[in-house]
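Enquirer: structure for the following, please:
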Amino acid sequence: MNITDERILTLFILQRVLEENAFLSPLLLYHSKKLDFKKRKFLQKLCYETLKNLIFIDHIIKIFYKGKFDKLEPFVRTALRVSLTELLILKRKPYAVCDSWVEIVKKRNIGASKLVNGILRNILRKGVPEFEEEWIKYSIPRWLFKKLERDFGKDFALNFAKWYHSEPPYYFRIYFKGDENKVRQEIENSYLKKDFPLSRFSFPPYCYKSFYHPWEADIEENYYYVQDFSSQAVMHYYDFKNIKYVWDMTSAPGGKSLYLSFLLNNKVKILATELRKGRVKILKENFEKYRIKGWVVNADATQFLPEKEFDLIVIDAPCSGLGTIRKKPEILLRMTPEKIKKLSRLQEKLIDNGFKALKKGGYLFYITCTITREENQGHIQNIAGKFDFELTEPKVPEFLISNNYFFCNGIEMDSDFMFGMLLKKL
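Expert: Residues are numbered from 1 along each chain as shown. Below is the predicted model of the structure:
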């Protein structure tokens, strides 16, 4: 019986994600490097499709399993979910899928293997029922699908669901000191040798796009920084050439700070604060690696108040992350309306504290990777009663501007969603 490494790895990774609240992307990056190209791609596909179709898959299991779904042994529950993804979503050979997963489960629990065998073969005999509810079809939580319909309309909700199920590309920007053309030639030749498609952008000016990660093309790590199109584009909101002192309030892993320093030829000094100690370590490593001038401090940015006033304060705010769920589907499974309200209150505290540390005439740059109004433009009403400011219009192409805010529509741009507003303190 063919029990392939990628199936066992999928089971291990998804148990970590689904039962221990781990994050998929770093686990995949670490474990997939051990596999050859074909197996690596299958592992990635199977993991992502299982998470992205989890609501739909769970509804199927609950129809064919007569016991209490939540009482299933986590290992068995995960095995059922992955096997059904392979069967129903990836549409691989039915009985080969059944036999493989029954054997995998049998090594842990003979009784459970009979249960898995019975459910899979019953589904093959009877077929999968049609669901009328679009939130089930697209595996979007019901509360979120209704919220999208209410706030943005039915068409947007459906397009958002289709975007969620599409494959995200990799975006990265080049990093160079001196000869830009040499770095570009190295990158483009490496992709060409591998016969990997690669797109070069005129805006943002250092951006590339591919469905293959730079490490798969054997690019030297010092030549690139993986960063979504939206995250690169938002940093061109305004020409910050006269900025000298910056506070990046919630900085880790530091992508916005790194890009800002790069754009300004490393002539700014950046104070980067981060609450979680593990992420502080990553932040410090990135500052050292890219020789960023400044300081990294482990602090709660809602309470920490530096003595110095700043020219620019960047709040890459903790948010619901709904604009990144193509790459991080586990976020969708963990988010709730209550968490969004809690995050909105946290964002308000960050904005309030940021304004206190901002010098007169300085700029507060607020950024999120989500789409909810209460986490984005809704904050304007809260700020208006507390501070004197004016909204600065983005200096980016028109397709990235909405009502004087920066807004990257992930559906249209094949990227993450991104919101940004720049407020000048009067």
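Enquirer: residues in contact with Val128?
Expert: Ile60, Leu88 (CB atoms under 8 Å, 6 or more residues apart in numbering). C-beta here means a position set from N, CA and C on the backbone, and glycine is covered the same way.
Enquirer: so what does it look like in phi/psi?
Expert: phi -100, psi 130 (degrees, to the nearest 10).
Enquirer: mind checking how far it is from Ile61?
Expert: 11 Å (CB to CB, to the nearest Å).
Enquirer: and the helices in the stretch 151-300 of the chain?
Expert: In the stretch 151-300 of the chain, the segments counted as helices under DSSP state H, counting those that start in this stretch are 154-164, 180-194, 229-234, 255-263, 277-289.
Enquirer: of those helices, which stretch is the most buried?
Expert: helix 229-234 (a mean of 25; mean count of other CB atoms under 10 Å).
Enquirer: show me the contacts for Thr10.
Expert: Leu43, Leu46, Cys47, Thr50, Val82.
Enquirer: run a quick neighbour tally on the last one.
Expert: Looking back up the chat, that one is Val82. Val82 sits with 24 neighbouring residues when counted by other CB atoms under 10 Å.
Enquirer: other SSEs contacting the helix or strand harbouring it?
Expert: Per DSSP states H and E: Val82 is located in helix 74-84. Here helix 74-84 touches helix 5-20, helix 37-52, helix 54-64, helix 94-106, helix 110-126, going by 3 or more CB pairs under 8 Å, 6 or more residues apart in numbering; DSSP states H and E.
Enquirer: what's the closest of those helices to Gln377?
Expert: helix 37-52 (28.4 Å; CB to CB).
Enquirer: what's the spacing between the closest residue to Asn122 other than its chain neighbours and Phe131?
Expert: Leaving aside its sequence neighbours, Asn122 sits nearest to Phe64 (CB to CB, 6 or more residues apart in numbering; 5.4 Å). Phe64 sits at a distance of 14 Å from Phe131 (criterion: CB to CB).
Enquirer: next: Asn21.
Expert: Counting by CB to CB - Asn21 and Phe131 are separated by 28 Å.
Enquirer: pretty sure Ile401 sits against Lys395.
Expert: No: counting by CB atoms under 8 Å, Ile401 does not reach Lys395; the two are 9.4 Å apart.
Enquirer: neighbour count for Asn21 and Phe131, which is higher?
Expert: Remark: of Asn21 and Phe131, Phe131 carries more neighbours, 14 against 10, as counted by other CB under 10 Å.
Enquirer: care to break this protein down by domain?
Expert: What automatic domain parsing lists as the domains of the chain is 5-130, 170-226, 230-425.
Enquirer: so which of those is the most surrounded?
Expert: Mean neighbour counts for these (mean count of other CB under 10 Å) peak at domain 230-425, with a mean of 19.
Enquirer: which strand in the chain runs the most residues?
Expert: Longest strand of the chain, by residue count under DSSP state E: strand 358-368.
Enquirer: could you give me the average pLDDT of that strand?
Expert: Mean pLDDT, strand 358-368: 96.
Enquirer: find the residue at the geometric middle of this structure.
Expert: The centre of the chain sits closest to Thr324, judged by CA atoms, centre = their mean, with a distance of 3.6 Å.
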